[in-house]
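Student: 3D, please:
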Amino acid sequence: MFSEYLESIVNERHISIGRKQMQEKNDILNTSIRYFKGVGPKKLEQLMKLGIGKAEDILYYLPARYEDRSNFIAIKDLKAGASQTIKGDIITMGNHITKTGARIFQIVLTDQTGFIHATWFNQPYLKDFFSKGQKVVLYGKVERYDKLQIVQPEYEILKGDEADSVHMGRIVPVYRAASQLTQRYLRGLAFIAVNKYCKFLTERLPTYILARQKLVDIRFAIRNIHFPTNFENLEKAYRRIVFEEFLMLQLALAMKRKESRLEVTGISHEVAGGPAAAFKKRLPFELTEGQMRAAADIERDMSSSKPMNRLLEGDVGSGKTVVAAYALTITVQNGFQGVLMAPTEILARQHFLNLSELLMPLGINVALLIGGIDQTTKKAIYSDIKEGKVNIVVGTHAVIQGAAEFKRLGLAVIDEQHKFGVIQRSLLKEKGRNPHVLVMTATPIPRTLALTIYGDLDISIIRELPKGRKPIVTYWVEEAKRGKVYDFIKEELAKGRQAYVICPLIDSLAQSSKPKVQSLSFDFNRDAKSKTQNVNEMVKKLRNEVFPEFEVGLLHGRMASKEKEMVMRDFKKGKTKILVSTIVIEVGIDITNASVMLIENAERFGLAQLHQLRGRIGRGDYESYCILLSNPGTDEAEERLKTIEGTVDGFQIAEADLALRGPGEFFGTRQHGLPEIRFGNILKDFGIMELARKEAFGLVARDPDLEEEHHELLKEGLASRFQNKK
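Tutor: Numbers count the residues shown, from 1 in each chain. Got it, this is the predicted structure:
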């Protein structure tokens with residue numbers, strides 16, 4: 001494994017002159033947080049939840065944002081509606097009880113230019129902290145009702161040297177906090193850590209990189225990321241810390257790429273003539289330009305002696321499976337076997353049917369291997385795979401289990417790869433002797449993330465849809481119009497079309513911990529938030545009350561494999577007119593006659609998920625419609641619905657999704673076996689990412705194993721990040 005390789009490099013390094021001093025510094029930075037003043041057992045438990053267990057953890061627990069409390073505003077110049085900092089003297093104070101029974105503590109402050117009331121709710125104990133005549137600093141949102149006031153402000157009682165204030169009179173850090181930890185508490189711990197432990201940090205970046213990129217050293221960066229003296233220094237500190245984080249990520253990618261390129265014992269394939277040429281001729285349609293470019297990329301890779309490691313990225317319905325089928329045909333005509341692994345049984349069955357239709361006329365034997373088949377059949381398939389009687393195996397996780405042995409595996413295709421982890425993908429690859437690997441995704445990934453997550457892979461992109469494919473019309477409809485939605489679906493069914501109804505839950509028990517669940521009731525005239533719909537209740541209502549004249553089917557993940565197969569067969573044949581389902585149909589379902597999709601509680605789905613679901617329709621010659629039924633309760637949910645309603649371009653949706661959710665949620669790096677991105681924002685800081693990538697790939701090209709003396713600490717830092725992921 002790559003991480004073990006890095007660790008072995010570090011362990012084999014000779015002990016340098018400064019090793020003892022460096023170890024002493026590390027020991028100091030590893031000082032437990034429990035030795036900090038004010039950290040008792042309860043506080044320690046809360047800090048551990050934030051990942052803070054030692055002094056170094058606090059130094060790298062970076063602020064989420066900042067508040068400029070460096071400029072004091074005269075009371076006469078205060079503006080209502082804005083957060084501002086004021087300084088003055090207390091002239092009166094006291095506790096009061098309002099007419100509604102609320103307890104408030106209030107002080108009146110003056111700075112000789114005017115007066116302002118500061119109010120705190122349900123904090124009567126504050127009377128013991130303040131006293132008349134004290135000089136205090138307040139920060140908070142200023143409001144004007146019958147008088148000027150500032151509610152629930154942060155405060156600082158000035159004593160002695162005002163310049164020592166941690167919370168006022170400066171650019172103040174604001175941290176992501178646990179419920180029991182206040183900003184003042186975290187800020188105080190950070191102030192102690194910065195002043196006591198920052199000097200023990202070791203600079204890991206080589207001097208030449210610091211100079212070329214004009215980066216400040218790590219001590220300056222950590223000090224100013226927490227308590228910047230000005231915004232210019234804050235920007236320098238942020239850039240330095242983010243650059244190092246991105247550099248470590250890109251170094252890992254560069255070394256993984258180097259490692260894969262060293263595998264010279266791959267399988268060189270002949271791509272001309274044979275079944276591969278016949279495959280192209282037999283297609284009943286013309287390949288798009290994107291498909292032809294992707295096929296050419298794959299031909300070039302598979303004809304090389306080095307294993308292919310390629311990502312095939314394309315929007316929903318762009319025709320990736322046809323390109324994968326072509327690649328599988330190439331490996332079969334060269335005397336090897338191919339395997340296609342999918343995340344769900346439904347998707348695996350769909351691929352099996354499509355590949356059988358495309359490849360069996362060419363004499364290629366395709367087998368389906370999933371968990372739901374009986375043991376006798378499964379053993380027979382295992383035997384045929386081992387003996388080489390099966391050319392292509394399509395399946396789920398069953399294809400990577402120990403019993404599945406390939407005679408000569410030449411190509412491994414992984415569909416919807418982001419649903420698999422690193423270990424699962426490596427296990428599949430180990431089924432052969434450095435086979436070619438093609439991973440596919442129908443979730444378009446912005447270039448910013450592609451360079452980050454797949455920097456070790458070559459990437460082919462299919463942007464356009466097949467000719468004749470009509471765009472899907474999407475509407476966001478509120479609950480009050482449910483009746484009209486049902487009327488529209490009836491009109492489509494009357495034309496001979498079919499429809500999907502998607503619910504977020506399987507049953508009502510998943511909605512609430514309350515023992516009593518209200519029955520589902522359709523009030524077509526109400527204009528209020530609807531309950532979260534589930535397929536079990538929905539299918540009963542549609543069968544009995546809404547669409548009694550049509551056959552309504554049910555599909556969800558808890559059903560047995562044979563039951564799922566029967567449901568999908570009936571829907572594909574047209575026997576079932578409406579399929580009520582969970583997101584189990586998110587990928588892999590290809591019913592050309594389905595022209596309508598109703599997504600219940602659409603606000604509960606992410607942008608990418610909504611786009612994937614919508615991609616199940618619009619696959620035939622008919623106009624297709626996706627209806628998002630939702631009364632969103634948040635601005636973010638409303639923004640998602642407007643985005644999906646406004647475009648069918650998966651790449652635009654991916655960019656919007658990244659902007660809404662942030663890179664961490666959109667696509668974490670953990671499952672890819674890479675260092676996590678904790679501080680930088682891939683979207684906002686992409687310029688820094690590109691610079692870090694250039695440095696990292698150039699560095700590895702010059703010093704592949706990071707053995708030069710000035711790369712020693714950089715290599716150790718990279719290895720430690722992998723150790724921290726374990």
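Student: ok, then the element right after the helix or strand where Gln609 lies?
Tutor: Here Gln609 is covered by helix 607-614, with elements defined by DSSP states H and E. Per DSSP H and E, the first helix or strand lying C-terminal to helix 607-614 is strand 625-629.
Student: surely Leu409 touches Glu430?
Tutor: No - Leu409 lies out of contact with Glu430 (Cβ atoms under 8 Å); the separation is 9.5 Å. C-beta coordinates here come from the backbone N, C-alpha and C atoms, glycine included.
Student: okay, the two: which has more neighbours?
Tutor: With neighbours defined as other Cβ atoms under 10 Å, Leu409 and Glu430 compare such that Leu409 has more, 25 against 13.
Student: just the pLDDT at that one, thanks.
Tutor: The score at Leu409 is 94. That number is its pLDDT.
Student: OK, contacts around it?
Tutor: With contacts defined as Cβ atoms under 8 Å, 6 or more residues apart in numbering, Leu409 is in contact with Phe336, Gln337, Gly338, Val339, Lys431, Gly432, Arg433, Pro435.
Student: let's see that with 10 Å instead.
Tutor: Leu409 makes contact with 267, 331, 336-339, 385, 393, 428-436 under the criterion Cβ atoms under 10 Å, 6 or more residues apart in numbering.
Student: what segments of the stretch 401-550 of the chain are strands?
Tutor: Across the stretch 401-550 of the chain, reading from the start of the chain, the strands by DSSP state E, counting those that start in this stretch fall at 409-414, 436-441, 458-462, 473-477, 498-502.
Student: looking at those, which is closest to Glu286?
Tutor: Closest to Glu286 of the strands of the stretch 401-550 of the chain is strand 458-462 (Cβ to Cβ; 13.9 Å).
Student: show the average pLDDT along the closest one.
Tutor: Per-residue confidence for strand 458-462 averages out to 86 on the pLDDT scale.
Student: also stretch 506-518?
Tutor: Within the predicted structure, the mean pLDDT of stretch 506-518 is 49.
Student: confirm Leu312 sits in a helix?
Tutor: No - the assignment for Leu312 by DSSP: H, G, I helix; E, B strand; the rest coil gives strand, which leaves it out of any helix.
Student: low-confidence bits of the stretch 601-726 of the chain, can you list those?
Tutor: Applying pLDDT under 70 to the stretch 601-726 of the chain picks out residues 658-677, 682-683, 721-726.
Student: the strands in the stretch 1-150 of the chain, which residues?
Tutor: Using DSSP E, counting those that start in this stretch, the strands of the stretch 1-150 of the chain run over 65-68, 83-97, 103-110, 115-121, 135-144, 148-151.
Student: right, and those - which one's nearest Gln612?
Tutor: With respect to Gln612, and counting by Cβ to Cβ, the nearest of the strands of the stretch 1-150 of the chain is strand 65-68 at 33.1 Å.
Student: quick one: the residue nearest to Thr265 when sequence neighbours are not counted and Gln401, what's the gap?
Tutor: For Thr265, the nearest residue in space outside its immediate sequence neighbours is Asn434; the separation is 5.6 Å by Cβ to Cβ, 6 or more residues apart in numbering. Plainly put, Asn434 is 21 Å away from Gln401 if you go by Cβ to Cβ, to the nearest Å.
Student: these two: which is more packed in?
Tutor: Taking neighbours as other Cβ under 10 Å, Asn434 and Gln401 compare with Asn434 leading, 18 against 14.
Student: can you pull the buried residues of stretch 45-56?
Tutor: Neighbour-count burial for stretch 45-56, counted by 16 or more other Cβ atoms under 10 Å, picks out Gln46, Leu47, Leu50, Ile52, Lys54, Ala55, Glu56.
Student: can you redo these as a markdown table with pLDDT and distance to Asn95?
Tutor: Shown next, in a markdown table, are the buried residues of stretch 45-56 (pLDDT from 0 to 100; distance: Cβ to Cβ, whole Å):
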| residue | pLDDT | distance to Asn95 |
| --- | --- | --- |
| Gln46 | 86 | 29 |
| Leu47 | 89 | 33 |
| Leu50 | 86 | 34 |
| Ile52 | 90 | 36 |
| Lys54 | 90 | 42 |
| Ala55 | 89 | 40 |
| Glu56 | 90 | 43 |
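Student: just those residues: which are in helices?
Tutor: Among the buried residues of stretch 45-56, the subset assigned to helices under DSSP state H consists of Gln46, Leu47, Ala55, Glu56.
Student: hmm, the last one is touching Ile218, no?
Tutor: This means Glu56. No - under the contact definition of Cβ atoms under 10 Å, Glu56 does not touch Ile218, with a separation of 11.6 Å.
Student: so what sits against both of these two?
Tutor: Overlap of the contact sets of Glu56 and Ile218 (by Cβ under 10 Å, 6+ apart) consists of Leu201.
Student: so what does the helix holding Gln609 touch, helix or strand wise?
Tutor: Applying 3 or more Cβ pairs under 10 Å, 6 or more residues apart in numbering; DSSP states H and E, one finds that helix 607-614 makes contact with strand 473-477, strand 498-502, strand 594-600, strand 625-629, helix 635-646, helix 650-661.
Student: on that earlier part again, wait, which of the strands of the stretch 401-550 of the chain is closest to Gly94?
Tutor: Relative to Gly94, the nearest member of these by Cβ to Cβ is strand 473-477, separated by 52.3 Å.
Student: if we can go back for a sec, biggest separation within the ones in helices among the buried residues of stretch 45-56, which pair?
Tutor: Among these, the pair separated by the greatest distance (Cβ to Cβ) is Gln46 and Glu56, at 18.4 Å.
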